[in-house]
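Student: Would you be able to build a 3D model of this:
(chains A, B, C and D)
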2 protein chains.
Amino acid sequence: MSLPYAILTALLEKPSSGLELTRRFDRSIGYFWSATHQQIYRELGRLEEAGHIRALPSAGPVRGQRKEYEVLPGGREALREWVGTPEDPKPLRSALLLRMRAAAVVGAAGLRAELARHLALHRAQLDEYLRIEERDFPAERRGTEPDRLRHLVLRGGIDLERFWVEWLTAALADLGPED
Amino acid sequence: MSLPYAILTALLEKPSSGLELTRRFDRSIGYFWSATHQQIYRELGRLEEAGHIRALPSAGPVRGQRKEYEVLPGGREALREWVGTPEDPKPLRSALLLRMRAAAVVGAAGLRAELARHLALHRAQLDEYLRIEERDFPAERRGTEPDRLRHLVLRGGIDLERFWVEWLTAALADLGPED
DNA sequence: TGTCCCATGTAAGGGGTTACATGATTGC
DNA sequence: GCAATCATGTAACCCCTTACATGGGACA
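Tutor: Coordinates of the predicted model:
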């Protein structure tokens, strides 16, 4: 449901080919809406058919040849409408919390190590976000309107990772040293 | 991947029929691994075929007739193994953050209302969790081992909702009154 | 006997993931 | 020529979601 709008947003920020989009997703929009190149190509096809984007004239319909897309007015309008569309948050799905719940029934063997592993992963992700913040939002240029929104989004990611780091740290302390 | 283990956990806590499981999911395990009754019936069939659970003898294979399941030793063992299995956290997927990112490009019309709506939803979920905590984990009985784990899981849900409430509140303040 | 609810399913479709396939370009 | 890489796609599978179907039991 959301992937086409993620792609429209990325293409408005900068017209790109499928593979470029995939790369950019991996280090930007993908942080809160990930996608593989197969998904992206499929969706690009649908968006083109719907008249929301078009391939730039330079590119012929040859397999294996780079095809760059840009957003058409209809696509921009569809994206604007979508921004104001209400959509409930999807219920949480955490295999880790599920494991803890199961551990309450069949024993917590191996659970501690898994919590520690997740803690390390979230710490690493947090560090990555903080580096991005330093690079893209230095203190001096946090005024402009689009930047404020983009920075808010990044802060969401940062705060969420911080939450997990803190919660996992507390959970590990609560579990004690045993396994 | 996780659903069968969610079901095994629930069945170990209490043998149940498919519909009972669905109800219990809606107000317990489903808070961090939701499932519809169709998913549950399908998975019960697979678990039975795999020899991890069995229908209690009282129930014949008649359509429309209640069938209660219990976990077999093999199922318990499979669950124990799964608890210690490493699995990376799935990348975040938030349509709301995506909308904010899109709003930075095509304008934030309607975004403020949507943030406020989500804030109300998260507040409501937080209240529900807090009621459950009061009911199931009163201060006097927070010692026993399985309860400690279950309470940790609930705290995870509580802290996560609190996180969203705080972040959304801050985001709304940051956006200002305009639309 | 009709109606409601309990209970267990079936069917269709969509998105996501993984593995694989094919064509173009570049450098050695 | 050949290999590596860029680039676009196909195919199969699984899980989830939604809508619909069917049977049994309780009750007026």
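
Student: Tell me how many other residues surround residue A:122.
Tutor: Residue A:122 has 21 neighbours, counted by other CB atoms under 10 Å in any protein chain shown. Glycine gets a C-beta too; all of them are placed from N, C-alpha and C.

Student: Low-confidence ranges, chain A, go.
Tutor: Within chain A, the stretches with pLDDT under 70 are A:58-64, A:142-143, A:177-179.

Student: residue ranges of the strands in it, please?
Tutor: Using DSSP state E, the strands of chain A run over A:16-17, A:53-55, A:68-71.

Student: Please, where are all the helices along chain A?
Tutor: A:3-13, A:18-26, A:37-49, A:73-83, A:95-106, A:111-136, A:145-175 (DSSP state H).

Student: Ok, which of the strands of chain A comes nearest DNA strand D?
Tutor: DNA strand D sits nearest to strand A:16-17 of all the strands of chain A, at 3.3 Å, using CB to the nearest atom of the strand.

Student: show me the contacts for the residue nearest to residue A:133 when sequence neighbours are not counted.
Tutor: Once flanking residues are discounted, residue A:133 sits nearest to residue A:154: 5.8 Å by CB to CB, 6 or more residues apart in numbering or on different chains. By CB atoms under 8 Å, 6 or more residues apart in numbering or on different chains, the contact list for residue A:154 reads A:129, A:132, A:133, A:136, A:137.

Student: Identify each buried residue in stretch A:162-175, please.
Tutor: Within stretch A:162-175, the residues scored as buried using 16 or more other CB atoms under 10 Å in any protein chain shown are A:162, A:163, A:164, A:165, A:167, A:168, A:171, A:172, A:175.

Student: what do you get for stretch A:117-134?
Tutor: Buried residues in stretch A:117-134, defined by neighbour count with 16+ other CB under 10 Å: A:117, A:118, A:119, A:121, A:122, A:123, A:125, A:126, A:129, A:132.

Student: Dump the residues you listed into TSV; add distance to DNA strand D as well.
Tutor: Listed next are the buried residues of stretch A:117-134 as TSV, based on distance: CB to the nearest atom of the strand, whole Å:
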residue	distance to DNA strand D
A:117	22
A:118	19
A:119	25
A:121	21
A:122	22
A:123	27
A:125	23
A:126	27
A:129	26
A:132	23
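
Student: one step back: closest to DNA strand C out of the strands of chain A?
Tutor: Closest among those, using CB to the nearest atom of the strand: strand A:16-17, at 11.4 Å.
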